[in-house]
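Engineer: Mind folding the following:
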Amino acid sequence: MLKISVWTFASSLALSTWASSSQEPLVSPQADWDSLKSAVGGRLFEGTPFAHPCFTQGFASQACQDVRSKYLDEVTRASSPSAYIQTQWETCQSNDDQCLLSYEDPNDPRPSLPPRQCQLGSIPEHFSPDDVAAAFQFVQKTKVPLVIKNTGHDYKGRSSAPHSLALWVDLSLSSQFLQQILPPTLTTRIHRYPITLLLFRWVALEPKEIQQLLSGVVTPDGHYRIANECRNTDLFYALRGGGGGTFGVVLEATIMASPPVTLQAVIVSFTPDTTHTQELWNILADNGLKWADEGWGGFSTSGVAILINPGSNKEDAAKSMDPLIQFGKRLKAEGVEGIQFVVTEFPSWGTFFETFTKEHVAVVGSSLALASRLISKQNFETPSSRSALVSGLLAADEATPGLIILISAPSSFPSTGKTSVTDAWRSSVYHVTVVSPWEWDATAKEKLGNYTAVSRSIDHLRKITPDAAYLVSLVLFQIAYSDVWPFLEE
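Structural biologist: Alright, predicted model coming up:
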């Protein structure tokens, strides 16, 4: 029987301003803010930095202990309007305007000791649980910049900015199941803002065929619009790939998804060393095109490879993954330090997620510079191109340890032409990221050095991927626009 899973969330929309102790606020008179507060029914509240209790109530206080225990917790940070997953976006990176603890040891009291003080940096000063339209009207009148914050995962920092007005969309999920299917051209309202209805239609599809069928979005003119393949089709096309907040504030989505699927998995993990890392990455590169076509995905670091496939069986998976399986068996027989080798089947994505991803979650609560690059199919086509790719990966990981190979591009599924997602995704096999983190006491010069480091690190891949037009993160102070968008010079 087909089911619809209905998800509802309270869209907690935070209207926020930023202030910095070292700069004059770029905001309009207080009367404008009072008017906004009135427009949202008085629901305009002060925000404070996540670590604020550790500076004001004492490091040993219960409030500070609560902060310290959850400082590196992703869910806690995503649920706070003043917390960001990467903490540089809570700060003014050019000076010491910040309110941070140590991400290496949140129980280290030094960041909170005098003469250091808790500063707002780029953190929202106010938030409110209501009304996108009022926010648009406010920024149009005052010319105050507007940003949108959901969970704070934006690695480019677009969900925070000093002296801005922010909409905070906090998702508090609940669910129920209906024994019917609603047409994708329809939408159901169960409440006025800020309650929204999400419809997940469960049908017999492969997971890779998940589709967005409908969006409900507030556009900058303050109007709530339904966008799908029948209504506002240009907006629907733009929203499907255009990036969060680019064309408006999305408050509703109808998603067509698949039922649970069985996953075949191969996991190899060991203490990294150059010899074994190079051998692992050679295996991945030599089989990259074949495995992408067969539906394998996952990720790898210098000491880990996790590959999963939702469309295979045990026998076919074992045959396909034989090079990696033999590698894992040999490392185990040799007693390589830290070796873990698993070939297994998971009954669902959820069981796989709960078993392995907690140990391989992205870094949370740190400040870092990040750069990334798509690696196209062309880099896997010949022995020489694969050798250059592995050499580039090794050099980048040596320059900035912590490189991640995301084997996640939909390379084997051609574009339908119905989304604005760049076609570079479709012609790529890897998405590679490099990072360079810094601690709470880093100087502005040291932070600049981190950004320089990731730019130089990703250069090892940039030089072998001249046509990789899609860059998720980009160190703009290092790269001339003509190097990225040469057509602008024409």
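
Engineer: Give me the spatial nearest neighbour of the residue most central in space within the chain, chain neighbours excluded.
Structural biologist: Geometric centre of the chain, nearest residue: His153, 4.9 Å, by C-alpha atoms, centre = their mean. In this structure, His153 finds its nearest non-sequential neighbour in Ile85, 4.9 Å apart by C-beta to C-beta, 6 or more residues apart in numbering. C-beta here means a position set from N, CA and C on the backbone, and glycine is covered the same way.

Engineer: list the contacts for the one you found?
Structural biologist: 74, 77-78, 151-153, 362, 364-365 (C-beta atoms under 8 Å, 6 or more residues apart in numbering).

Engineer: Out of these, which two sit at the greatest distance?
Structural biologist: Longest distance between any two of these is 13.7 Å, between Thr151 and Gly365; criterion C-beta to C-beta.

Engineer: if I look at these two, which residues touch both of them?
Structural biologist: Joint contacts of Thr151 and Gly365 (C-beta under 8 Å, 6+ apart) are 77, 85.

Engineer: which of the two has more neighbours?
Structural biologist: A direct count of neighbours by other C-beta atoms under 10 Å for Thr151 and Gly365 places Gly365 higher, at 23 against 19.

Engineer: does that one really touch Thr76, like I thought?
Structural biologist: No - with contacts counted by C-beta atoms under 8 Å, Gly365 stays clear of Thr76, the gap being 9.7 Å.

Engineer: what's in contact with whatever helix or strand Glu345 lives in?
Structural biologist: Per DSSP states H and E, Glu345 falls inside strand 340-346. For strand 340-346, contacts defined as C-beta under 8 Å, 6+ apart pick out 262-270, 308, 314, 318, 321, 325, 328-329, 331-332, 352, 355.

Engineer: for it, which positions count as buried?
Structural biologist: Judged by neighbour count (16 or more other C-beta atoms under 10 Å), strand 340-346 contains these buried residues: 341, 343, 346.

Engineer: for the stretch 351-490 of the chain, which spans come out with low pLDDT?
Structural biologist: 357-358, 468-490 (pLDDT under 70).

Engineer: which among the contacts of strand 340-346 end up buried?
Structural biologist: Buried among the contacts of strand 340-346 (16+ other C-beta under 10 Å): 262-270, 308, 321, 325, 328, 331, 352.

Engineer: pLDDT-wise, what's the bottom of the residues you listed?
Structural biologist: Among these, Phe352 carries the weakest pLDDT, at 88.

Engineer: Got phi/psi on that residue?
Structural biologist: When read as degrees, to the nearest 10, the backbone of Phe352 gives phi -60, psi -50.

Engineer: Surely it touches Asn309?
Structural biologist: No - here Phe352 does not reach Asn309: they are 11.1 Å apart, not a contact under C-beta under 8 Å.

Engineer: which residues do these two both contact?
Structural biologist: Common neighbours of Phe352 and Asn309 (C-beta under 8 Å, 6+ apart) are 263, 265.

Engineer: Let me see the ranges of the helices in the stretch 51-200 of the chain.
Structural biologist: Using DSSP state H, counting those that start in this stretch, the helices found in the stretch 51-200 of the chain span residues 52-56, 62-70, 74-78, 132-142.

Engineer: out of the ones you listed, nearest to Leu406?
Structural biologist: helix 74-78 (17.6 Å).

Engineer: Check which residues of that closest one are buried.
Structural biologist: 74, 76-78.

Engineer: Just the residues contacting that helix, thanks.
Structural biologist: Under C-beta under 8 Å, 6+ apart, the answer for helix 74-78 is 50, 70, 83-85, 151-153, 361, 364-365.

Engineer: Show me how far it is from its chain's centre.
Structural biologist: 13 Å (C-alpha atoms, centre = their mean, to the nearest Å).

Engineer: Show me what the lengthiest helix in the chain is packed against.
Structural biologist: Assignment by DSSP state H gives helix 444-462 as the longest helix of the chain. Contacts defined by 3 or more C-beta pairs under 8 Å, 6 or more residues apart in numbering; DSSP states H and E place helix 444-462 against strand 367-376, helix 383-399, strand 428-438.

Engineer: Output those in a markdown table, with distance to Leu251 and mean neighbour count appended to each entry.
Structural biologist: Output for the helices and strands packed on helix 444-462, formatted as a markdown table (distance: least, C-beta to C-beta, whole Å; neighbours: other C-beta atoms under 10 Å):
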| stretch | distance to Leu251 | mean neighbour count |
| --- | --- | --- |
| strand 367-376 | 29 | 24 |
| helix 383-399 | 39 | 17 |
| strand 428-438 | 29 | 24 |
